[in-house]
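Chemist: Fold the stuff below for me.
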Amino acid sequence: MAEQGRPEAIVRPKVPNGGVSVVIANRNGADHLRVCLPSLLAQQHQPIEIIVVDNASSDDSVAVAREFGAKSLQLKENLGLAPALNRGAAISSGEFLLFVNNDMRFDERFVSLLVDGLARDETIFAADGMQHNWDGSAQGHLATRLEKGRARRGPSVELVPGLNFYQKQEEKIVPVFMGSAASMLIRKSCFEKLRGFDDRVPMGYEDADICWRAWIRGWKTVYVPDAICWHRVGSSCRSSEGSLFLFVGVLRGRLVFATKLLPIRYALLTWIASLAGLAKDIGRLRWRFAWSRIRVLAELGARIPQLLRERNELYRSGGTTPAKQLDRMLRLTSEDPEEIVEAPCHGLAAKSPQ
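Modeler: Predicted coordinates for the structure are as follows:
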């Protein structure tokens, strides 16, 4: 019998060809896993492989993962989201990779609908679902669109200075500029050709970065409105440790993303805004954040030549330029977007400067 009413350990088989490997990054999220994992086990699409990558938790997360039959990969330190997801993907056996957060639960058709979305078109890199808040009273993540300048289409979030993204409800499967790493299914062959998420972006912008790089190659990301999940947004970042980790991750992500992928104008604006943020941190006596910002700016400042070399190789191999690529992403926000040339994922060489 299982101890204290806990379930007996479930033995999960490796998934066959066409199967799905679910990769979850976890840090002291045992209580979240007790809700998340059963909703994955109840999916109509079976079998699925579940991999919990544990970022040096101090609670019983590893035991909980094993009780529900998940494969547990224990890291010796907290590497952050993107590095953990990459390590989970490296030991996966599925043809598709589903990246989700631990503080979520899923409609029983969630996986099957995303798999159907990818299977219908070989030019699709990733499929993204709809996220509700935890009690279902509001829609959080929808079809993600991009716009220039000031927000004109309702509530939006700044991607970098001068570029915003916003959520739009859609009734059918549509292309989007990015999916959420909390609810995104990716074709593993494409993921490997892109060499996964950028490890230099530990939390924040990892999903925008990989989707942008995929679009450079002509690989689409789509939004599947019928694939529904519920998310306790921000629950993993409420501690002081979590908030500082998120601050550093977002700062690093913005700088890497802008320098590596956007036209020079936006890269410069992002660096200037980040330097101005340092003055605000000091003025508000936020010394922990100020010192963290200084370390990030110094480290990434030294890496600018490397990031620019990567940028040149990415766009040269994709046969486009940062300005043309930005224009392509902005056209995705149009009510009647122009035709975009796509390429099947399996037809391109595995070449990326990550």
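Chemist: going forward, measure contacts between C-alpha atoms and count neighbours the same way
Modeler: OK.
Chemist: low pLDDT regions in the stretch 201-350 of the chain?
Modeler: Of all residues in the stretch 201-350 of the chain, those with pLDDT under 70 make up the ranges 234-240, 333-343, 346-350.
Chemist: tell me the strands in it, going along the chain?
Modeler: 220-231 (DSSP state E, counting those that start in this stretch).
Chemist: residue ranges for the helices of it, please.
Modeler: Counting by DSSP state H, counting those that start in this stretch, the segments of the stretch 201-350 of the chain that form helices are 206-216, 240-261, 264-283, 287-302, 304-318, 322-331.
Chemist: do you know which of the ones you listed lies nearest L146?
Modeler: helix 322-331 (5.6 Å; C-alpha to C-alpha).
Chemist: Mind exporting the C-alpha coordinates of the closest one to CSV?
Modeler: Once non-C-alpha atoms are left out, helix 322-331 reads as follows in CSV (Å, rounded to 0.1, in the frame of the first residue of the first chain):
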residue,chain,number,x,y,z
PRO,A,322,16.5,41.7,-38.9
ALA,A,323,14.3,44.4,-40.5
LYS,A,324,12.6,42.1,-42.9
GLN,A,325,12.0,39.5,-40.1
LEU,A,326,10.5,42.2,-37.8
ASP,A,327,8.2,43.3,-40.7
ARG,A,328,7.1,39.6,-41.1
MET,A,329,6.2,39.3,-37.5
LEU,A,330,4.3,42.6,-37.5
ARG,A,331,2.3,41.4,-40.6
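Chemist: Mind giving me the packing neighbours of it?
Modeler: If contacts are counted by 3 or more C-alpha pairs under 8 Å, 6 or more residues apart in numbering; DSSP states H and E, helix 322-331 sits against strand 143-148.
Chemist: any idea how far Q46 is from Y266?
Modeler: 44 Å (C-alpha to C-alpha, to the nearest Å).
Chemist: ok, back up a step: which of the helices of the stretch 201-350 of the chain sits most buried?
Modeler: By mean neighbour count, with neighbours taken as mean count of other C-alpha atoms under 10 Å, helix 206-216 ranks first of the helices of the stretch 201-350 of the chain at a mean of 23.
Chemist: Next, the angle from it to helix 322-331.
Modeler: For helix 206-216 against helix 322-331, the angle by axes from the mean of the first three to the mean of the last three C-alpha atoms, to 10 degrees is 110 degrees.
Chemist: can you start the count at 20 instead of 1 from here on
Modeler: All set: I'll call the first residue 20, so the last point we hit is now helix 225-235.
Chemist: what comes into contact with helix 225-235?
Modeler: By C-alpha atoms under 8 Å, 6 or more residues apart in numbering, the residues outside helix 225-235 that reach it are 101, 144-145, 196-200, 213, 215-217, 239-240, 272, 276, 280, 333-334, 337, 339, 344.
Chemist: if we go to 6 Å?
Modeler: Contacts with helix 225-235, where a contact means C-alpha atoms under 6 Å, 6 or more residues apart in numbering, come from M197, S199, A200, F216, G337.
Chemist: Look up how far D228 lies from the fourth one.
Modeler: According to C-alpha to C-alpha, F216 stands 8 Å off from D228.
Chemist: Check the first one too.
Modeler: Between M197 and D228 the distance, using C-alpha to C-alpha, works out to 8 Å.
Chemist: Many thanks, I have nothing further to ask.
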